[in-house]
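1. Provide a 3D model corresponding to the input given below.
(one chain, ligands or ions: 1)
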Amino acid sequence: MARVNNFSAGPAVLPEPVLAQVRDELLDWHGCGMSVMEMSHRGKEFMAIQAEAEADLRALMGIPANYKVLFLQGGASLQFSMLPLNLLPVGGKADYVLTGSWAKKAAAEAKRYGTVNIAASSAETNFNRIPVQSELKLDPAAAYVHVTGNNTIFGTEYHYTPDTGSVPLVSDASSHILSRPVDVSRYGLIYAGAQKNVGPAGLTLVIVRDDLIGHCRDGAPTMLDYAIHAENDSAYNTPPTFAIYVSGLVFKHLLAQGGLPAVERANVEKADLLYGLLDRSGFYNCPTEPASRSRMNVPFTLANAELDAPFLAEAKQAGLVQLKGHRSVGGMRASLYNAMPLAGVQALVDFMIDFERRHG
Ligand code: PMP
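-> Model (predicted):
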């Protein structure tokens, strides 16, 4: 078996011990004679799996008791609609900070339901930075403030928690959830598609403060009402059972590593290794402002775009895959999620130094 170093932005690398455990338990989960995929979502086995996953996520993130954890479907993209449908009253307004393609999509969706105020934007510099607190033109009458905690495509990340006063702060944490400790009490709602740092695609996590539940608009689909999912422990309909199970194993794996402070230390080390090379080199260039750089997604370009194809081909030969950058930025992107080991980043850096020596 030859596992590659997978730098995909998502779906992305998962921890190998978790995959091995899934393999070992695949046909017969804990002696019950069936796979988790084959279980009733209302049976005691699966209900215990889900309850344990929730308890472990609460422990990992320190989620306060007055927040609900919802295991939903529809991806982060459905949250772009579900959020305004639940938090934005008819005729209401919301603040959005534009820091990239996903933030723009979130804001465009909210516009269908109310007034969207762009509190700040880094569009002028092709989204290479995160606006600082003093740039945020926040409306005290907004129903909420939406930020994209980590910008998967442009490779930027909030390294501060915006102060929004009494207005609930909402973060799309899809591409950095569980990568660093977070003070959940500073947020009204956090949502994330699972397929980057959590588990398989098909699961969406929503962590929402109690008082923000129960205000869904009349006429909205039942399935898009947070209250319905909260009242039914995320089993109003069939939840993505297998994805919840695998994600639960990832939570246990992260707890065993020492929890999010330990995960953060490892992520800082990995990111520093790659950014260090990018900053030293005259051959590679990183478009993002240093203070805004993402630890999870690292975009970079080569001195000469004609070398992109050979770079990707040779990298693949070396077992380094999924490095092609997003079409809106070009060049390369290395995603360094939790499950990417330091040795994988070291292998990438060694390859890049060698490539520069041969082509630079
Ligand atoms: N937000 C961010 C920050 C993302 O990176 C992505 C997916 N790449 C999305 C939203 C969309 O997520 P999904 O595909 O789960 O709808």
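2. So what sits opposite residue 95 in the bridge?
-> Beta-bridge partners recorded for residue 95 (DSSP bridges): residue 117, residue 145.
3. any idea how far it lies from residue 119?
-> 4 Å (Cβ to Cβ, to the nearest Å). Quick note: C-beta positions are derived from backbone N, CA and C, even for glycine.
4. ok, now which ones touch the closest residue in space to residue 91 that isn't next to it in sequence?
-> Using Cβ to Cβ, 6 or more residues apart in numbering and skipping residues adjacent in sequence, the residue nearest residue 91 is residue 114, 6.9 Å away. Contact partners of residue 114, counting by Cβ atoms under 8 Å, 6 or more residues apart in numbering, are 84, 88, 89, 90, 91, 92, 93, 94, 143.
5. Please determine how far residue 114 is located from the ligand.
-> Residue 114 sits 20 Å away from the ligand, going by Cβ to the nearest ligand atom, to the nearest Å.
6. Please name the nearest non-neighbouring residue to the residue in the stretch 151-300 of the chain that the ligand sits nearest to.
-> Residue nearest to the ligand within the stretch 151-300 of the chain: residue 193 (2.8 Å; Cβ to the nearest ligand atom). Closest residue in space to residue 193, ignoring its immediate chain neighbours: residue 76 at 4.1 Å, by Cβ to Cβ, 6+ apart.
7. The ligand contacts on this protein?
-> The chain comes close to the ligand at residues 10, 75, 76, 77, 102, 148, 152, 172, 174, 175, 193, as judged by Cβ under 6 Å from any ligand atom.
8. Checking the fifth one next. Helix, strand or coil?
-> What it means is residue 102. Three-state call for residue 102 (DSSP: H, G, I helix; E, B strand; the rest coil): helix.
9. Please name the nearest non-neighbouring residue to it.
-> Closest to residue 102 by Cβ to Cβ, 6+ apart is residue 148, at 5.3 Å.
10. and if you look at the second one?
-> For residue 75, the nearest residue in space outside its immediate sequence neighbours is residue 193; the separation is 4.8 Å by Cβ to Cβ, 6+ apart.
11. Dig out what that neighbour forms beta bridges with.
-> residue 204.
12. Can you name the residues that contact it?
-> Counting by Cβ under 8 Å, 6+ apart, residue 193 touches 10, 75, 76, 77, 174, 201, 203, 204.
13. the helices in the stretch 51-200 of the chain, which residues?
-> If DSSP state H, counting those that start in this stretch is used as the criterion, the helices of the stretch 51-200 of the chain fall at 75-87, 101-111.
14. quick one: contacts of the first one?
-> Residues from elsewhere that reach helix 75-87 (Cβ under 8 Å, 6+ apart): 72, 74, 94, 102, 105-106, 108-110, 112-114, 143-144, 146, 168, 170, 172, 174, 188-189, 191-193, 201, 204, 206, 212-213, 215-217, 220, 224-226.
15. Can you say which of those residues are buried?
-> 72, 94, 102, 106, 109-110, 113-114, 143-144, 146, 168, 170, 172, 174, 188-189, 191-193, 201, 204, 206, 212-213, 216, 224-226 (16 or more other Cβ atoms under 10 Å).
16. Check the residue in the stretch 1-150 of the chain that the ligand sits nearest to and give its pLDDT.
-> Residue nearest to the ligand within the stretch 1-150 of the chain: residue 75 (2.6 Å; Cβ to the nearest ligand atom). The model reports residue 75 with a pLDDT of 98.
17. Assign the closest residue to residue 236 other than its chain neighbours to helix, strand or coil.
-> Leaving aside its sequence neighbours, residue 236 sits nearest to residue 228 (Cβ to Cβ, 6+ apart; 5.1 Å). Of the three states, residue 228 takes helix under three-state DSSP.
18. How many neighbouring residues does residue 228 have?
-> 17 (other Cβ atoms under 10 Å).
19. gap between it and residue 147?
-> Residue 228 is 26 Å from residue 147, by Cβ to Cβ.
20. what do you get for residue 136?
-> Residue 136 is 9 Å from residue 147, by Cβ to Cβ.
21. So for these two, which sits in the more crowded spot?
-> Set residue 136 next to residue 147 and count neighbours by other Cβ under 10 Å: residue 147 wins out with 28 against 16.
22. so who does the more buried one touch?
-> Contacts of residue 147 (Cβ under 8 Å, 6+ apart): 97, 99, 103, 158, 162, 169, 170, 171, 172.
23. Strands - which of the residues you listed land there?
-> Those of the contacts of residue 147 mapping onto strands are 97, 169, 170, 171, 172, per DSSP state E.
24. Stretch 200-216 - what's its average pLDDT?
-> For stretch 200-216, mean pLDDT is 98.
25. Most tightly packed of the helices of the stretch 51-200 of the chain?
-> Ranked by mean neighbour count, the helices of the stretch 51-200 of the chain are led by helix 75-87 with a mean of 22 (mean count of other Cβ atoms under 10 Å).
26. and the angle for that helix with helix 101-111?
-> 30 degrees (axes from the mean of the first three to the mean of the last three Cα atoms, to 10 degrees).
27. hmm, back to that, overlap in contacts of residue 136 and residue 147?
-> In contact with both residue 136 and residue 147: 97, 162, using Cβ under 8 Å, 6+ apart.
28. quick one: secondary structure of residue 301?
-> strand.
29. Not counting its neighbours along the chain, what's nearest it?
-> residue 331 is the one closest to residue 301 (Cβ to Cβ, 6+ apart), at 3.4 Å.
30. From the ligand, how far out is that neighbour?
-> Distance from residue 331 to the ligand, by Cβ to the nearest ligand atom: 18 Å.
31. From here on, call the first residue 9.
-> Sure thing, new numbering starts at 9, so read that last one as residue 339.
32. Before I go, just wanted to say thanks for your time.
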